[in-house]
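Visitor: Give me a 3D structure for the following:
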Amino acid sequence: MSLVEVERHGDVAHVVLSDPPLNRFSMDLARDLSTAVAEVSSSDARAVLLRAEGEHFSAGADVNMFIGLSEEEARGGLDEFMEMVHQLERLEIPTLAAVQGACVAAGLEVALGCDLIWAADESQMGQLEAMIGATPFAGGSQRLVARAGAGRAKEMVMTGGLYPAEKMLEWGVVQRVVPTAALREKAERFAARLAAGPTRAHAVTKQVMRAHLEGGLEQADAILPALGATVMITEDLQNGVKTFLEQGPGKAEFNGR
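Guide: Have a look, this model is predicted:
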């Protein structure tokens with residue numbers, strides 16, 4: 001049985017961590033997540049909602065896997081974990097993580113691989129690896145820098161502390177905090193809104209923003225004209241302009257083409 005399920009709700013693919021109550025990241029769960037993301041990538045889904053069954057989004061990695069490894073074995077496993085996050089980031093469609101309970105260590109790193117994070121008001125987040133003498137192994141440090149800045153990222157990683165959802169909102173790690181009981185409903189509604197948007201334009205938005213993170217304004221500006229031209233000729237943009245002129249803003253319906 002897979003530890004990660006894919007459910008289809010209209011144009012939204014739900015990728016669901018399904019090993020409650022802790023949804024700990026073993027190699028099996030990491031590989032199942034990679035398989036699930038690959039399935040979504042080859043589908044016609046127009047947005048992703050990453051969520052988890054149970055009380056907690058994820059209590060991080062199963063630390064037993066770190067015992068007794070050779071350096072070569074460790075490198076192979078870490079390559080797989082890093083690729084799992086990269087797969088999420090490479091998806092051309094919008095991705096939203098909805099986290100509840102504990103969202104820590106490897107769990108937080110996976111959430112950081114999504115475009116947006118929504119957190120339950122009772123949730124707690126952190127990179128706890130320092131507590132066992134480790135560092136985030138799946139890119140959490142650098143992704144926290146991108147969202148919260150270097151100083152706050154260093155505090156989180158070096159102290160191994162737990163932080164409430166409101167603090168993560170203040171620091172820019174998450175985009176919204178909602179009541180725990182309403183998290184899934186509100187996240188589903190927002191993911192559906194993302195899926196109803198101009199899918200190909202969203203893909204270019206993600207590519208340009210990724211280029212900025214990797215190479216700054218110069219790199220992002222260099223790729224925008226060619227990518228923007230592909231958006232200019234889409235059915236969505238042509239229909240959107242026509243609808244705007246005839247009916248006003250906010251009336252267009254997009255089909256992802």
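Visitor: The most centrally placed residue in the chain: which element?
Guide: Central residue check for the chain by Cα atoms, centre = their mean: the C-alpha nearest the mean position is that of Cys114, 1.3 Å away. Using DSSP states H and E, no element contains Cys114; it sits outside every helix and strand.
Visitor: Also Val110?
Guide: Here Val110 sits within helix 106-112, counting by DSSP H and E.
Visitor: Contacts for that helix, please.
Guide: With contacts defined as Cβ atoms under 8 Å, 6 or more residues apart in numbering, helix 106-112 is touched by 23, 25, 33, 50, 56-61, 81, 84-85, 88, 97, 99, 103, 117, 125-127, 136-140, 143-144, 147, 173. For glycine as for every other residue, the C-beta is placed from the backbone atoms N, C-alpha and C.
Visitor: just the CA coordinates of that helix, formatted as CSV?
Guide: Extracted C-alpha coordinates of helix 106-112, given in CSV (Å, rounded to 0.1, in the frame of the first residue of the first chain):
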residue,chain,number,x,y,z
ALA,A,106,11.7,16.9,6.6
GLY,A,107,8.0,17.6,6.7
LEU,A,108,8.7,21.4,6.7
GLU,A,109,11.3,20.9,3.9
VAL,A,110,8.7,19.3,1.7
ALA,A,111,6.1,22.0,2.4
LEU,A,112,8.8,24.6,1.5
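Visitor: where exactly do the strands run in the protein?
Guide: In the chain, strands defined by DSSP state E lie at 4-9, 12-17, 47-52, 95-99, 102-104, 116-120, 124-126, 163-164, 176-178, listed in chain order.
Visitor: ok, Ala102 touching Arg24?
Guide: No - using Cβ atoms under 8 Å, Ala102 makes no contact with Arg24, being 10.3 Å away.
Visitor: so what sits against both of the two?
Guide: Ser58, Ala59, Gly60.
Visitor: Give me the nearest residue to the last one, chain neighbours excluded.
Guide: It refers to Gly60. Spatially, and ignoring its direct neighbours in sequence, Gly60 is nearest to Ala105 (2.9 Å; Cβ to Cβ, 6 or more residues apart in numbering).
Visitor: Return the residues in contact with that neighbour.
Guide: By Cβ under 8 Å, 6+ apart, the contact set of Ala105 is Ser58, Ala59, Gly60, Ala61, Gly126, Gln127, Leu128, Glu129, Pro136, Gly140.
Visitor: Surely Val174 touches Glu166?
Guide: No - at 9.3 Å, Val174 does not count as touching Glu166 under the criterion of Cβ under 8 Å.
Visitor: Please identify which of the two sits among more neighbours.
Guide: Set side by side, Val174 and Glu166 show more neighbours around Val174, with 24 against 13, by other Cβ atoms under 10 Å.
Visitor: what residues go with each domain of the protein?
Guide: 4-195, 199-247 (automatic domain parsing).
Visitor: okay if I get the shared contacts of Ala102 and Arg24 as TSV plus distance to Gln219 and pLDDT?
Guide: Below are the shared contacts of Ala102 and Arg24 laid out as TSV (distance: Cβ to Cβ, whole Å; pLDDT from 0 to 100):
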residue	distance to Gln219	pLDDT
Ser58	33	98
Ala59	37	96
Gly60	33	93
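Visitor: Are any of those residues buried, and if so which?
Guide: With burial judged by 16 or more other Cβ atoms under 10 Å, the buried subset of the shared contacts of Ala102 and Arg24 is Ser58, Ala59, Gly60.
Visitor: Test my guess that the last one contacts Arg24.
Guide: Meaning Gly60. Yes - between Gly60 and Arg24 there is a contact under Cβ under 8 Å: 6.6 Å.
Visitor: Quick one: distance of the helix holding Val110 to the chain centre.
Guide: Counting by Cα atoms, centre = their mean, to the nearest Å, helix 106-112 is centred 8 Å from the centre of its parent chain.
Visitor: which other residues reach stretch 29-47?
Guide: 2-6, 8, 11-13, 15, 17, 19, 23, 48, 80-81, 83-84, 87-88, 90-91, 93-96, 110, 191-192, 194-197, 199, 256.
Visitor: filter these to the buried ones?
Guide: 3-4, 6, 11-13, 15, 17, 19, 23, 48, 81, 84, 87-88, 91, 93-96, 110, 191-192, 194-197, 199, 256.
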